[in-house]
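S.K.: Can you look at this prediction? I've put the sequence above it.
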Amino acid sequence: MADDLSAPLGRKRAAAKPAARTLNLAPSNLPLARIAFGVAALIVVGVGARVLLVNDPMGGRPVSTISVNAGGSNAVAETVAPGGVTITAEPETPVSGPGITIVGDDVPDGDPVPGQTLETANADGLLPDLLEETEHGAIPRIAATGETPFEAYQKPSLTPATADGKKLIAVVVTGLGLNETGTANAIDTLPAAVTLAFAPYGTGLNRTVASARAGGHEILLEVPLEPFDYPESDPGPDTLLTGQAPRDNLDKLFNVMAKFGGYVGLINHMGARFTSSTADFAPIMEELGARGLGYIDDGSSNRSVAPQLANANNVEFGRADMWLDPVPSRASVMEQLGSLEQRATDTGQAIGVISALPISVQTLAEWAKDVEQRGFAIVPVSALMKAGA
């Protein structure tokens, strides 16, 4: 301001020259967004122009054309088909009918067409459609066709309805599978109509049970149940116990059931305490009903609630009339077999249970030789079982 006042009148002060401008190319000052947008726009325009103007169905891929009938020789081709081969392809024909999905034997929830027959038996004589895979192994179930393991694995036989006056006797031999020699002897010497019950603790049970079934025997599985004096009397590993959560007992049951297959049902091994407890036994019997399996009560406890629970769950059921070898001697066993005959005479049918002791098996085989001459018929135990009994 002082310079302007002191300048001579009529003269203007020379204007100051502006400072020279310097171009700042620092990255922070560049319009990066605009540049990127411009590049993208150029790419899009270029691609669009090529699609519209260039007829290239291969999309620009390198293409090499080779003549199939080009000259030259091919020693392998001439050896396989001298003179050449002409290959033609027929037009594709769409499927007009319904498709078929094959699930395989290892899928437990495969849903076959209702009414179809069960699949072919496997190497152990078991029907895959009657098996459910669990963490313990395969256990029985009702097939998608509705057939139960009880129906599928029971042996053809006379029944009370077809006996035509004959007195029917079923004998169950228990404790098999623990001793290979004794088990093989029972399979070979006893009549095919005698039912064999296997404990779940032997080795090679699948092979042994398959052999027994091939010999015509009907099979039961022994399930270990808690007796009153447990653990002084111990039925074995996986014993089902009173007072345990149902899921724990069912887990043990499934483990036992997976030891082998092909059985029509279960029979108790001991179990006087367990079979007298409705709260503990009911979930087990419910599971048997849901899986189409039968149950035989060995008759050792009068406090068993098995008949009522079997009736409530529509389980094929039977109760043994007597033990045949409480004293394992020939004379005692013969006497008990005579009592069993008398029971069959009085009621038309009878069920006896006997152990797999050598003397018991030998005496039973001897008795069975002429039992029919006395007017009796030995039948598999399933013939004397019925739902709601």
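M.R.: On my side now, so go ahead.

S.K.: what sits against L158?
M.R.: Listed by C-beta atoms under 8 Å, 6 or more residues apart in numbering, the contact set of L158 reads K166, L168, A377, V379, A383. Glycine gets a C-beta too; all of them are placed from N, C-alpha and C.

S.K.: can we see that at 10 Å?
M.R.: Contacts were defined as C-beta atoms under 10 Å, 6 or more residues apart in numbering; by that measure L158 touches D164, K166, L168, A193, A377, I378, V379, P380, A383.

S.K.: Which of those fall in strands?
M.R.: Among the contacts of L158, the members falling in strands (DSSP state E) are L168, A377, I378.

S.K.: Contact partners for the nearest residue to the last one once chain neighbours are set aside?
M.R.: Counting by C-beta to C-beta, 6 or more residues apart in numbering, A193 is the residue found nearest to I378 once chain neighbours are left out, at 4.2 Å. Taking C-beta under 10 Å, 6+ apart as the definition of contact, the neighbours of A193 are 155, 157-158, 168-171, 216-218, 368, 377-381, 383.

S.K.: how near is A193 to H136?
M.R.: Note on A193: its distance to H136, by C-beta to C-beta, to the nearest Å, is 32 Å.

S.K.: swap in A152?
M.R.: 21 Å.

S.K.: More neighbours: these two, which one.
M.R.: Set A152 next to H136 and count neighbours by other C-beta atoms under 10 Å: A152 wins out with 20 against 16.

S.K.: My guess is that one contacts V264. True?
M.R.: Yes: if you go by C-beta atoms under 10 Å, A152 and V264 touch, sitting 8.6 Å apart.

S.K.: Could you pull out the residues contacting both of the two?
M.R.: In contact with both A152 and V264: P140, G292, using C-beta under 10 Å, 6+ apart.

S.K.: For D234, give me phi and psi.
M.R.: phi -120, psi 110 (degrees, to the nearest 10).

S.K.: dump the residue contacts of it.
M.R.: Applying C-beta under 10 Å, 6+ apart to D234 gives the contacts P224, E226, P227, M270.

S.K.: In JSON lines: the residues you listed, plus secondary structure and distance to L178.
M.R.: Formatted as JSON lines, those follow (DSSP: H, G, I helix; E, B strand; the rest coil; distance: C-beta to C-beta, whole Å):
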{"residue": "P224", "secondary structure": "strand", "distance to L178": "13"}
{"residue": "E226", "secondary structure": "coil", "distance to L178": "20"}
{"residue": "P227", "secondary structure": "coil", "distance to L178": "18"}
{"residue": "M270", "secondary structure": "strand", "distance to L178": "15"}
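
S.K.: Farthest pair within those residues?
M.R.: Spatially, the most separated pair among the contacts of D234 is P224 and P227, at 9.5 Å (C-beta to C-beta).

S.K.: Show me which of the two is the more surrounded one.
M.R.: Legend: neighbour count by other C-beta under 10 Å for P224 and P227, higher for P224 (25 against 22).

S.K.: who's in contact with the closest residue to that one other than its chain neighbours?
M.R.: The shortest distance from P224 to any non-neighbouring residue, by C-beta to C-beta, 6+ apart, is to P235 (3.4 Å). P235 makes contact with A199, E222, V223, P224, L225, E226, P227, N268, H269, M270, G271, F274, according to C-beta under 10 Å, 6+ apart.

S.K.: give me phi/psi at P235?
M.R.: Torsion angles, degrees, to the nearest 10, at P235: phi -70, psi -20.

S.K.: what does the one 5 residues further on give?
M.R.: The phi and psi torsions at L240 (degrees, to the nearest 10) take the values phi -80, psi 130.

S.K.: is it true that it touches M285?
M.R.: No: using C-beta under 10 Å, L240 is not in contact with M285; the gap is 11.6 Å.

S.K.: Mutual contacts of these two, please.
M.R.: T275.

S.K.: Now the element after the helix or strand L309 falls within, going C-ward?
M.R.: Per DSSP states H and E, L309 falls inside helix 306-312. With elements assigned by DSSP H and E, the helix or strand that comes after helix 306-312 is strand 316-319.
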